[in-house]
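K.L.:
Next comes the sequence, and after it the predicted model I'd like to discuss.
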Amino acid sequence: MKIRVLEPGELDATRDVRSRSFGPFSDEEWEASLRYTRPSLEAGRQFAGFDGGRVVATGRLHDLTQWWHGRPVSMAGVGGITVAPEERGRGLGRALMTDLLERCAEFGHSLSMLYPATTWLYRSLGWEHAGGQHKIDIPTEALRSVGAERVPVRRAGPDDAAEVAAVIGRVHRAARDCGPIGWAEAYWRVFLAAEQEFSYLADDGFLSFRWTDSKTALEVTRLVASSERTLRALWAIVGSGSSIAATVHACVAPMDAALWLLRERDVDIVRRNQWMLRVVDAPAAIEARGYPAGVTAEAPLLIDDPQRPANSGHWRLVVRDGEGRLERSAEHPHAVRLGAGGLAGLYAGVPVASLRCSGLLGGGNADALSAAFAATPFSLDYF
Ligand SMILES: CC(C)(COP(=O)(O)OP(=O)(O)OC[C@H]1O[C@@H](n2cnc3c(N)ncnc32)[C@H](O)[C@@H]1OP(=O)(O)O)[C@@H](O)C(=O)NCCC(=O)NCCS
């Protein structure tokens, strides 16, 4: 199999293998997916494995940022991984992912994230369970009266793409969020033009929802705000649909302020999609991430990362004054030992005790690292 970048005219050649992997696409669904795919195709981020002229594998790398304690870190979102059914079980999937990991580094991404349909393939190459996308159901009526005052809010269209990206970024920065994704302006331009998405923009917040369940429910795909008044105003817009839509399905953070807005707490997390993280460039990822102010931690590390040898070896990890750095160091007899999976888990805030007990971390004293990397990572997107 030869893996290469897809040319703009070649995307239709992947439809057959993608249909046999994820189920058939109607023409309308395929056209809609092409609108979102085009920016990454033009950026040379759509890949296929060829056997002669035949497409036998596919994959893409979205150009994203991911917020870690309120700081944007360059991240490759892996999606659309397929191998033709008749070719599976012969190592093509592993060859494809190994190739894509290399390309993540070539693109200059510090991190990579993916939603796994099966995990072993990815775990064995250094992606590890890190966070979740959480969806809740809320009775629409419960939202109707949460808005205390009117806030300037307007419908958002394609020309607002840059502002939408900026507002969402400011919200995640202010909240010191861990895990949410930042899409580029090109994505928002497509999203905000889609006729089934209804989007609203405030100075410090953004809402998008669509109708679902045969138009008996609303699906809030994103509602983020920095202030209580904007949060209330945006949820009240959703709640105003209660006479037609009985239920709201919403994608929220696990500690989303919305969960504390409601008079009755009859909402619980109902669905969780697990996502995995891979540290592609360890020093760059550690440096770009944010950390809680007032937490100081220092530890010698021994990283073993056969797929990304530049991450391997002896390091000194220092976190101080909200900044982190990873410096080359001499061998240390009590170094904390990590593979790529352990490093991803640590980065994502998995407590050191959990990493140790699951065999992902060993050696030295790493207790102070739990406080430095503490996080409950989430995502508001699926790709
Ligand atoms: C998942 C998929 C890409 C794997 O491709 P593949 O060519 O069969 O994978 P490989 O032969 O390289 O297998 C790599 C490893 O993953 C494991 N693996 C592959 N498919 C698996 C599955 N469905 N469940 C559990 N493990 C699996 C293999 O056992 C192998 O592990 P090993 O080397 O330790 O034995 C392929 O089955 C596929 O296209 N599935 C349908 C679409 C899909 O699920 N895509 C993934 C979306 S995240």
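P.N.:
Perfect, I can see it now. From a predicted model like this one, the values you see are computed outputs, not experimental measurements. Residues are numbered from 1 along each chain as shown.
K.L.:
Relative to L361, how far out is the closest residue to P283 other than its chain neighbours?
P.N.:
Nearest in space to P283, with sequence neighbours left out and distances taken as CB to CB, 6 or more residues apart in numbering, is L326 at 4.5 Å. Quick note: C-beta positions are derived from backbone N, CA and C, even for glycine. Noted for L326: a distance of 16 Å to L361, by CB to CB, to the nearest Å.
K.L.:
Wait, a strand at the residue nearest to P283?
P.N.:
Yes. Counting by DSSP: H, G, I helix; E, B strand; the rest coil, L326 is located in a strand.
K.L.:
Quick check: it touching H314?
P.N.:
No. When contacts are counted by CB atoms under 8 Å, L326 is not listed as touching H314 (10.7 Å).
K.L.:
Pick out whichever of those two has more residues nearby.
P.N.:
A count of neighbours by other CB atoms under 10 Å puts L326 above the other of L326 and H314, at 21 against 15.
K.L.:
what's near enough to touch the more buried one?
P.N.:
282-283, 286-287, 301, 315-318 (CB atoms under 8 Å, 6 or more residues apart in numbering).
K.L.:
what's the answer for A193, then?
P.N.:
Taking CB under 8 Å, 6+ apart, we find A193 in contact with 157-158.
K.L.:
Please identify which helix or strand holds it.
P.N.:
With the criterion set as DSSP states H and E, no secondary-structure element contains A193; it sits in neither a helix nor a strand.
K.L.:
Phi, psi for it please.
P.N.:
Per-residue torsions, A193: phi -90, psi -10 (degrees, to the nearest 10).
K.L.:
Relative to L218, how far out is it?
P.N.:
Using CB to CB, A193 is found at 20 Å from L218.
K.L.:
now the helices for the protein?
P.N.:
Assigned by DSSP state H, the helices in the chain fall at 15-22, 27-42, 92-106, 120-123, 161-175, 185-191, 228-239, 258-261, 282-288, 340-347, 352-357, 367-373.
K.L.:
mind putting those in CSV, distance to S74 and mean pLDDT included?
P.N.:
What follows is the helices of the chain, written out as CSV (distance: least, CB to CB, whole Å; pLDDT from 0 to 100):
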stretch, distance to S74, mean pLDDT
helix 15-22, 27, 94
helix 27-42, 15, 90
helix 92-106, 10, 98
helix 120-123, 19, 98
helix 161-175, 14, 98
helix 185-191, 15, 95
helix 228-239, 29, 96
helix 258-261, 29, 90
helix 282-288, 7, 98
helix 340-347, 14, 98
helix 352-357, 24, 97
helix 367-373, 18, 94
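K.L.:
of the ones you listed, which approaches the ligand most closely?
P.N.:
Closest to the ligand of these is helix 92-106 (CB to the nearest ligand atom; 2.5 Å).
K.L.:
and for the closest one, what are the contacting residues?
P.N.:
Helix 92-106 has contacts (CB under 8 Å, 6+ apart) with 1, 3, 47, 49, 56-57, 59, 61, 76, 78, 81, 83, 112, 121-122, 124-126, 278, 280-281, 307-308.
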